[in-house]
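Visitor: got a sequence here, can you build the structure:
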Amino acid sequence: MFSTYVLFAGLAILSIAGIINAQNIIEAFRTSAAEVEQWTKVPGSVGMAIFLFVGFEWVTPMGFGAGSYKWKIPLSMPLAILLNMLLYTGFAFGLHLTLTQEVIAAGTTPQILFAVETFGTTGAYAGLLLSALAIISTFNAGVMGGARFIFALGREGNLPKWTTKISLTTGVPVGAIITLGSVVFICSFFVVSFGLELTFAVVGSAIICFVYAMLMLALIRLNIEQKRSDLLFKSKISRPVQWFFVALLPILGILSLFSIPGIYASAVVCFVLVIVAASIFVKLVGFKKEKRLVSSGQ
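Guide: This is a model prediction of the structure:
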């Protein structure tokens, strides 16, 4: 939590300083015909933004009790999205006003260059610190939050029993965290070894968009099938809006596969392979679960 506070404060200071130090702000926002064409990439970029900034893993650890899921999490999720939107909008403006598009596109760490241009040599160390904090915070939140999915699937019998192991001292789902952390480590080694960082970034964006669409669809199905009103998971979002996002999110996910030029083919191939592998895994797990239920007479 401390690292997240430092990261947010550092990004805010860097963004404000970059905007204040900028020269010819009005001139920087004049767009050419070529730049207008970049708007066609906005839908795919929205899919990427959902993957990067709209993460359930940022708020699920706040669920220490039943009451947390009634008001704390529903409140913290839109607040987290709003805070991220304001923070990174300011960062994008500061970056745009400080560096040219060519410089930003040519490198993989524009935040370091941004910090150096704003604060001089000291900015290089500040940029490295912010990058490290971003990696640590995101990885920690992703594993801790994503492990809850692993635990839930294991509890339902869809994953091996060890994924449901819980620490009796802290209540932490140790089995799920170790499982997810191991998978992340293996996948990271594979991705870095073959230089597939951007490809897997857009594939991950597409998958997350589909996951959130299915979560919304699950909410609709629960509200339709559950008859007792006291058991319903109530949402303040109207049913038509829910169906709208069920249709929109998969479209944004597909478009995100085409958001980065030069990797269209590899992104589509990897996405299809992931879907096929996941489908085979689900079939195998379902078959074993059904066989286990039959043998137990259920």
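Visitor: output the lowest mean pLDDT helix or strand found in the protein.
Guide: helix 33-36 (a mean of 55; mean pLDDT, DSSP states H and E).
Visitor: what helix or strand is residue 258 located in?
Guide: Assessed by DSSP states H and E, residue 258 sits outside every helix and strand.
Visitor: surely residue 112 and residue 126 touch.
Guide: No - the criterion here is C-beta atoms under 8 Å, and residue 112 misses it with residue 126 at 9.1 Å. For glycine as for every other residue, the C-beta is placed from the backbone atoms N, C-alpha and C.
Visitor: can you give me the helices in this protein?
Guide: 2-21, 25-28, 33-36, 42-53, 72-98, 101-106, 110-119, 121-155, 174-193, 197-225, 239-256, 264-295 (DSSP state H).
Visitor: nearest to residue 162, of those?
Guide: helix 174-193 (4.8 Å; C-beta to C-beta).
Visitor: in the closest one, which residues are buried?
Guide: Within helix 174-193, the residues scored as buried using 16 or more other C-beta atoms under 10 Å are 174-181.
Visitor: can you put those residues in a markdown table and add pLDDT and distance to residue 151?
Guide: Formatted as a markdown table, those follow (pLDDT from 0 to 100; distance: C-beta to C-beta, whole Å):
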| residue | pLDDT | distance to residue 151 |
| --- | --- | --- |
| 174 | 90 | 10 |
| 175 | 91 | 8 |
| 176 | 90 | 4 |
| 177 | 89 | 9 |
| 178 | 91 | 11 |
| 179 | 90 | 9 |
| 180 | 88 | 10 |
| 181 | 87 | 13 |
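Visitor: of those, just say which sits nearest to residue 213.
Guide: Using C-beta to C-beta, the buried residues of helix 174-193 come closest to residue 213 at residue 180, 21.8 Å.
Visitor: for residue 7, see how far away the closest one is.
Guide: With the distance defined as C-beta to C-beta, to the nearest Å, residue 180 ends up 22 Å from residue 7.
Visitor: what's the answer for residue 155, then?
Guide: 33 Å.
Visitor: likewise for residue 91?
Guide: 11 Å.
Visitor: also residue 184?
Guide: Taking C-beta to C-beta, one finds residue 184 at 20 Å from residue 7.
Visitor: for residue 93, give me its contacts.
Guide: 15, 18-19 (C-beta atoms under 8 Å, 6 or more residues apart in numbering).
Visitor: same question, residue 165
Guide: Residue 165 makes contact with 173-176, according to C-beta under 8 Å, 6+ apart.
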